[in-house]
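A.B. asks: Mind looking at a prediction? Sequence and model below.
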Amino acid sequence: MEFDKARDSSNNIISFKYIKTSNNLDKLRKELKCPTKNCQARLSYVAARKPYLKTHNKSSHSSFCPYKKQGVKYRNKQRKKLLVSLNENSVYSRLDRYKNDFYPNLKAKTIKQKNNNKRKQKTKNSVQNAKLQGVASVNSKTSVTKNVISPRVSKKHLNEFLSTDKGKIFQLGAKLKKIIKYNNKKYIFKIEDPKNRCNGEILLKKRFFSRNVQGINLQLDFLMNYLKKNPNNNVNIAFYGTLLNFNSMQFEIFVDYGFKLYEMRKGRVIKNTLAEFYSLHFH
Ligand SMILES: [Zn+2]
């Protein structure tokens, strides 16, 4: 949180510009307080190349202060809460809406791949869901799993992120270029937004594999080789990811159901989960 004003030792509101250009800056910066009346938080003037005002590290805002909610701690807590309350169905149903983003000029119907094991799959998934939520309620005291709400997850394009988005979760879509495998618990997906030529990457690490879905490495390796063998492929990916690194635009997908794959085949859009993609293309 950056501030554009502060209070001085006499409780006068002074602007950031005033502080920055003050010829008494060295003294002034030691007495800066939160602009909210009566709030006890101290502010720090950070003399970076582009200076700014932030909450002093050893200081916190009074309970009535509106800046209280902007703290980093609060954001992390929010994020944890968000992760546990997103269940498989709500993630998939939102990612299903990416068709028009990827193929805006298309009128053809989307076909879902026929799945013989649909009923079986469904049972399996709900068991996994139950397991996941059980784990979540142990890990997070703040979440009430009985009361799963579907929080709003902002949708952004690769070129629209700000450095302050770090640590937050988003939904986005991009072209899937290639996959690099480090080991069975670490993969990196290279992605690109062709419209604005932005590149990024998606990291899958331990957390992604935490549900121990059977055959997941087989399916990921298959997708990796499919991209290699078909360099002119047009596989798009819609996913839920947490922005880990702003400079490399690296996102982490936090759980195995965090993405869906889109392809155009014979004039039709096909959307698949990883498992569906595998069974569609594997001969
Ligand atoms: Zn305050």
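C.D. replies: Cool, got the structure. Numbers count the residues shown, from 1 in each chain.

A.B. asks: contacting residues around the nearest residue to residue 258 once chain neighbours are set aside?
C.D. replies: Closest residue to residue 258 apart from its sequence neighbours, by CB to CB, 6 or more residues apart in numbering: residue 240 at 4.6 Å. No exception for glycine: its C-beta is placed from N, CA and C like everyone else's. By CB atoms under 8 Å, 6 or more residues apart in numbering, residue 240 lies in contact with 86, 91, 94-95, 153, 169-171, 253-254, 258-259.

A.B. asks: So which of those residues wins on neighbours?
C.D. replies: residue 258 (27 neighbours; other CB atoms under 10 Å).

A.B. asks: pretty sure residue 165 contacts residue 249?
C.D. replies: No: between residue 165 and residue 249 there is no contact under CB atoms under 8 Å: 10.2 Å.

A.B. asks: So the residue nearest to residue 258: helix, strand or coil?
C.D. replies: strand (DSSP: H, G, I helix; E, B strand; the rest coil).

A.B. asks: Offset the numbering so it begins at 862, please.
C.D. replies: Renumbered: residue one is now 862, and that last one reads residue 1101.

A.B. asks: Compute the distance between it and the ion, please.
C.D. replies: 33 Å (CB to the ion, to the nearest Å).

A.B. asks: And that residue, how far from residue 958?
C.D. replies: Per CB to CB, to the nearest Å, residue 1101 is found 13 Å from residue 958.

A.B. asks: Up against the ion, what does the stretch 862-1011 of the chain have?
C.D. replies: For the stretch 862-1011 of the chain, the residues in contact with the ion (CB under 5 Å from the ion) are 895, 897, 900, 902, 922, 926, 928.

A.B. asks: Pipe these into JSON lines and attach secondary structure, pLDDT and neighbour count per row.
C.D. replies: Shown next, in JSON lines, are those (DSSP: H, G, I helix; E, B strand; the rest coil; pLDDT from 0 to 100; neighbours: other CB atoms under 10 Å):
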{"residue": "895", "secondary structure": "coil", "pLDDT": "94", "neighbour count": "26"}
{"residue": "897", "secondary structure": "coil", "pLDDT": "91", "neighbour count": "16"}
{"residue": "900", "secondary structure": "coil", "pLDDT": "91", "neighbour count": "20"}
{"residue": "902", "secondary structure": "coil", "pLDDT": "93", "neighbour count": "20"}
{"residue": "922", "secondary structure": "coil", "pLDDT": "89", "neighbour count": "20"}
{"residue": "926", "secondary structure": "coil", "pLDDT": "87", "neighbour count": "18"}
{"residue": "928", "secondary structure": "helix", "pLDDT": "85", "neighbour count": "18"}
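
A.B. asks: Among those, pick out the one closest to residue 1061, please.
C.D. replies: residue 928 (31.1 Å; CB to CB).

A.B. asks: quick one, what contacts the closest one?
C.D. replies: Listed by CB under 8 Å, 6+ apart, the contact set of residue 928 reads 862, 864, 895, 897, 900, 902, 916, 922.

A.B. asks: which SS class is the residue of the stretch 1012-1144 of the chain found nearest the ion?
C.D. replies: The minimum distance from the stretch 1012-1144 of the chain to the ion, using CB to the ion, falls at residue 1025 (18.5 Å). Counting by three-state DSSP, the backbone at residue 1025 sits in helix.

A.B. asks: Could you measure from it over to residue 950?
C.D. replies: For residue 1025, the distance to residue 950 - CB to CB - is 31 Å.

A.B. asks: mind exporting stretch 1090-1101 as PDB, just the C-alpha atoms?
C.D. replies: Output in PDB follows, covering the C-alpha atoms of stretch 1090-1101 (Å, rounded to 0.1, in the frame of the first residue of the first chain):
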ATOM      1  CA  LYS A1090       5.400 -33.300 -32.000                       C
ATOM      2  CA  ASN A1091       2.900 -30.700 -33.300                       C
ATOM      3  CA  PRO A1092       4.800 -27.500 -33.400                       C
ATOM      4  CA  ASN A1093       1.900 -25.800 -35.200                       C
ATOM      5  CA  ASN A1094      -0.600 -26.900 -32.600                       C
ATOM      6  CA  ASN A1095      -3.200 -24.500 -31.400                       C
ATOM      7  CA  VAL A1096      -3.600 -25.600 -27.800                       C
ATOM      8  CA  ASN A1097      -4.900 -22.800 -25.600                       C
ATOM      9  CA  ILE A1098      -5.000 -23.000 -21.800                       C
ATOM     10  CA  ALA A1099      -7.500 -21.400 -19.500                       C
ATOM     11  CA  PHE A1100      -6.300 -21.500 -15.900                       C
ATOM     12  CA  TYR A1101      -6.500 -20.300 -12.300                       C
END
